[in-house]
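Asker: could you work out the structure for the sequence below:
(chains A, B, C and D)
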2 protein chains.
Amino acid sequence: MSVTIREVARRLNLSITTVSRALDGYADVAEETRQLIVKTAQEMGYVPNQAARQLRRRRTDTIGYILPADEPRFFDPFFAEFTAGLADEAAAHGFDLLVSTAPPGSQAEKQAYERWVQGHKVDGMVLNRLHLFDWRVQYLMQAKFPFVSHERSLDPYDYPTVEIKGKHWFSVLIDHLVSLGHRRIAYIGAPAELKLQAERLEGYRSGLTRHGVSFEPALVISGNLTSEGGYQAAMRLLALPDPPTAIACANDATAIGVLYAAHERSLVVGEELAVAGFDGIEGFEHTQPPLPTINQPVYQIARQLAGMLTAQIQSQPLEETHVLIEPVLEIRQSTLGRHNQL
Amino acid sequence: MSVTIREVARRLNLSITTVSRALDGYADVAEETRQLIVKTAQEMGYVPNQAARQLRRRRTDTIGYILPADEPRFFDPFFAEFTAGLADEAAAHGFDLLVSTAPPGSQAEKQAYERWVQGHKVDGMVLNRLHLFDWRVQYLMQAKFPFVSHERSLDPYDYPTVEIKGKHWFSVLIDHLVSLGHRRIAYIGAPAELKLQAERLEGYRSGLTRHGVSFEPALVISGNLTSEGGYQAAMRLLALPDPPTAIACANDATAIGVLYAAHERSLVVGEELAVAGFDGIEGFEHTQPPLPTINQPVYQIARQLAGMLTAQIQSQPLEETHVLIEPVLEIRQSTLGRHNQL
DNA sequence: TTGTAGGCGTTATCAA
DNA sequence: TTGATAACGCCTACAA
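Answerer: Residues are numbered from 1 along each chain as shown, chains lettered A, B, ... in the order given. Have a look, this model is predicted:
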């Protein structure tokens, strides 16, 4: 086993107490003693046992995030940016990030939350992909456990969030497609229980209405926010007798799946079919033609969330408990320009 | 605080021991008693305190991964797939994944390793982006701490790895570019201290040699495996008096940066400039023209690594301690086909 | 089959 | 300024 505080104390003929206090920088240790202790501990390679420390201090300096995933995500940059943002910001505050994955609503998910929350494996949780009514919110509120969330459920609780106006921004995306001349615009959404689906679908409808385009149920399909789901849904849409000329997707991963489908059906995207996404994943500027998208800064949102969570854990007052993010409609001019030249 | 085992015991007028053993499924508890205990614990919402359990059991059921990053990664799907693979496989074995980020070689990185390893915050570590000689390998070997690694350093130790033949496969990429008629092929690599850089650069050189193309130092630039680095390097290459007609990149993120640069200089990628990557990040099939790449299954590699690590932690014999992955040259025919039609 | 008791390594209270 | 002592909550010889 490793060096313990007891061994350091024995080596110096000091009490464990003194060593502990010296290393934690308390003022009531003689400076000379303190320096000796620090030096010796260093030399002996002493590092406090985290389990013992957590048990005693009753905190873990760790925040948790359980990635809501039905199946392996081979491809979803959203989560890359999200977890990277959480990890970076957590580290900046001296916190680690504990990550796991579980299918939303599954038994495994509930058990993981219980193990982490009631089992005190973490000091706070980060949620995203909220449901309209979300058991996690109810559970964490009742447990009085610190958490923050991207998006907000309809549960009658107030909790810290970072959000965007999903309905508004999705309608902006529809505006854009209409401005390109499209009238038959399909929508590939997320599972119905998701808050973001409700918002984006509303945005889709209000966008259509604003331009006098009638809503056509056959043009609305629900995907699962993965490229695979987008592919499946697009294949169905494109097989319709009167297929859409544009497809707006609930997120970028879905849109990428639509591109696959379009290629498979030898449709020239941008001419025979317009595709739009939502998230603003970087790197997709180079799809041909460019993928218009609502760019929400996922990495920054995640940092914001982690910052709010650590502040809350440390009982620091939050300036804002509801941060509103203003995304941007990315038309991705540069490549669009080139495309127009063809 | 939460319900403790003591409270469950008191409620039932049983000893803590009996409750503990019943919940852990030991055979020496009367079936009737066991059922009563399980039921009561459930009702009372008892969940074992993880810190106490870890302290006592001397294990954490957690594996660690410290993402080697110099700066925030706004875009690198490699890490998305990698951490998702680790988390999924860890969960399948009852392990959690602890994640942090630290600049390679930094003080912060060393401290994080010490805190996790000597502080017993995790039971094992996952490494990637190995250096030619890597302090992490030396440190973990000396600490006799379980770890696995993607890629292998030149340190004189034997440790479990999942690898690809980087030199060979990079030369295959060069073959491909040469077959398209290119002779002035540049290479944007990684920092020199990285093992993958040594391999891929060797592959680049051997590929050139095989086709009788002379090596030209001016065409080799080192990037940093990010799209930003790729952009910078490409801008320099394209400003040369006699610029390359093809650029092979050490990874896909770098290649994406090259696409930016090409766009900025109004170069038609695929006609005036060929770009090739390495990793096989999904979603890049839709760049125009398609990005040829060596597709290594990052998600699967990560799962493989996590599986090997948990087995090692649980002292299960590993069938293979050195797994060799065979990637595939992706030319991405479908879009290439379309491109050719233009 | 159940209970007693000790200890995992640390921090915190209280005396000295 | 330092030290003895008692937890934190759990698991596990060992005893009954």
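
Asker: can you tell me how far the spatially most central residue of chain A is from A:S2?
Answerer: Nearest residue to the geometric centre of chain A (CA atoms, centre = their mean): A:F82, 4.4 Å. Distance check for A:F82 against A:S2: by CB to CB, to the nearest Å, it reads 34 Å. In this view, the C-beta of every residue, glycine as well, is placed from N, C-alpha and C.

Asker: for A:A274, same thing?
Answerer: Taken as CB to CB, the span from A:A274 to A:S2 is 60 Å.

Asker: more neighbours, these two?
Answerer: Using other CB atoms under 10 Å in any protein chain shown, the more surrounded residue of A:A274 and A:S2 is A:A274, with 22 against 15.

Asker: tell me the pLDDT of that one.
Answerer: At A:A274, the model reports a pLDDT of 93.

Asker: tell me who's in contact with A:G166.
Answerer: Residues near A:G166 by CB atoms under 8 Å, 6 or more residues apart in numbering or on different chains: A:151, A:195-196, A:199-200, A:203.

Asker: number of residues surrounding whichever residue of the stretch 101-250 of chain A sits closest to DNA strand C?
Answerer: Closest residue of the stretch 101-250 of chain A to DNA strand C, CB to the nearest atom of the strand: A:H120 (13.3 Å). Residues contacting A:H120 under the criterion other CB under 10 Å number 23.

Asker: how far away is it from B:I37?
Answerer: 22 Å.

Asker: and for A:Y204?
Answerer: 53 Å.

Asker: which sections of the stretch 101-250 of chain A are below the confidence cut-off?
Answerer: Scanning the stretch 101-250 of chain A for pLDDT under 70 picks out no residues.

Asker: surely A:L36 is in contact with A:L12?
Answerer: Yes. Applying CB atoms under 8 Å, one finds A:L36 in contact with A:L12, separated by 6.7 Å.

Asker: higher neighbour count, the two?
Answerer: Between A:L36 and A:L12, counting by other CB under 10 Å, A:L12 is the more crowded of the two (18 against 14).

Asker: in which helix or strand would I find the residue nearest to the more buried one when sequence neighbours are not counted?
Answerer: Using CB to CB, 6 or more residues apart in numbering or on different chains and skipping residues adjacent in sequence, the residue nearest A:L12 is A:T40, 5.8 Å away. Using DSSP states H and E, A:T40 sits in helix A:31-44.

Asker: after that helix, next one along is what?
Answerer: Using DSSP H and E, the first helix or strand after helix A:31-44 is helix A:50-57.

Asker: the following helix or strand past that following helix relative to strand B:62-68, how many degrees between them?
Answerer: On the C-terminal side of helix A:50-57, the nearest following helix or strand under DSSP H and E is strand A:62-68. Per axes from the mean of the first three to the mean of the last three CA atoms, to 10 degrees, the angle that strand A:62-68 makes with strand B:62-68 is 90 degrees.

Asker: neighbouring strands for strand A:62-68, and are they parallel or not?
Answerer: Note on strand A:62-68: by DSSP bridges, its sheet partners are strand A:96-102 (parallel), strand A:124-127 (parallel).

Asker: check the offset of the first one from the chain's centre.
Answerer: Relative to the mean C-alpha coordinate of its chain, strand A:96-102 is positioned 12 Å out (CA atoms, centre = their mean, to the nearest Å).

Asker: can you list the residues that contact that strand?
Answerer: A:61-69, A:83, A:86-87, A:90-91, A:108-109, A:112, A:116, A:121-122, A:306, B:62, B:83-84, B:87-88, B:90-91, B:96-100, B:121.

Asker: what residues are up against A:R210?
Answerer: Residues near A:R210 by CB under 8 Å, 6+ apart: A:171, A:174-175.

Asker: repeat that for A:A9.
Answerer: A:15-16, A:18-19.

Asker: ok, A:L55 next?
Answerer: Counted by CB under 8 Å, 6+ apart, A:L55 has contacts B:49, B:51-52, B:55.

Asker: quick one: stretch A:116-132 near DNA strand D?
Answerer: No. Looking at stretch A:116-132 against DNA strand D by CB under 7 Å from any atom of the strand, there are no contacts, and the closest approach is 7.8 Å.

Asker: do the same with stretch A:39-51
Answerer: No. Legend: contact between stretch A:39-51 and DNA strand D by CB under 7 Å from any atom of the strand is lacking; minimum distance shown is 8.2 Å.

Asker: which residues of chain A fall in strands?
Answerer: Along chain A, the segments classed as strands by DSSP state E run A:62-68, A:96-102, A:124-127, A:147-150, A:161-163, A:185-189, A:220-222, A:246-249, A:274-279, A:293-295, A:322-324, A:328-330.

Asker: follow-up on the earlier one: and the contacts of A:L55, which are buried?
Answerer: Buried subset of the contacts of A:L55 (neighbour count, 16 or more other CB atoms under 10 Å in any protein chain shown): B:49, B:51-52, B:55.

Asker: now pLDDT too, for those, in JSON lines please.
Answerer: Output for those, formatted as JSON lines (pLDDT from 0 to 100):
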{"residue": "B:N49", "pLDDT": "98"}
{"residue": "B:A51", "pLDDT": "98"}
{"residue": "B:A52", "pLDDT": "98"}
{"residue": "B:L55", "pLDDT": "97"}
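
Asker: will you turn these into JSON lines that also has distance to A:D24?
Answerer: Below are the buried ones among the contacts of A:L55 laid out as JSON lines (distance: CB to CB, whole Å):
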{"residue": "B:N49", "distance to A:D24": "23"}
{"residue": "B:A51", "distance to A:D24": "18"}
{"residue": "B:A52", "distance to A:D24": "21"}
{"residue": "B:L55", "distance to A:D24": "19"}
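
Asker: surely A:V8 touches A:G45?
Answerer: No. Counting by CB under 8 Å, A:V8 stays clear of A:G45, with 9.9 Å between them.

Asker: between the two, which is the more surrounded one?
Answerer: A:V8 (23 against 12).

Asker: ok, which residues in the stretch 51-200 of chain A are in contact with DNA strand C?
Answerer: Selection of the stretch 51-200 of chain A residues close to DNA strand C by CB under 7 Å from any atom of the strand yields A:52-53, A:55-57.
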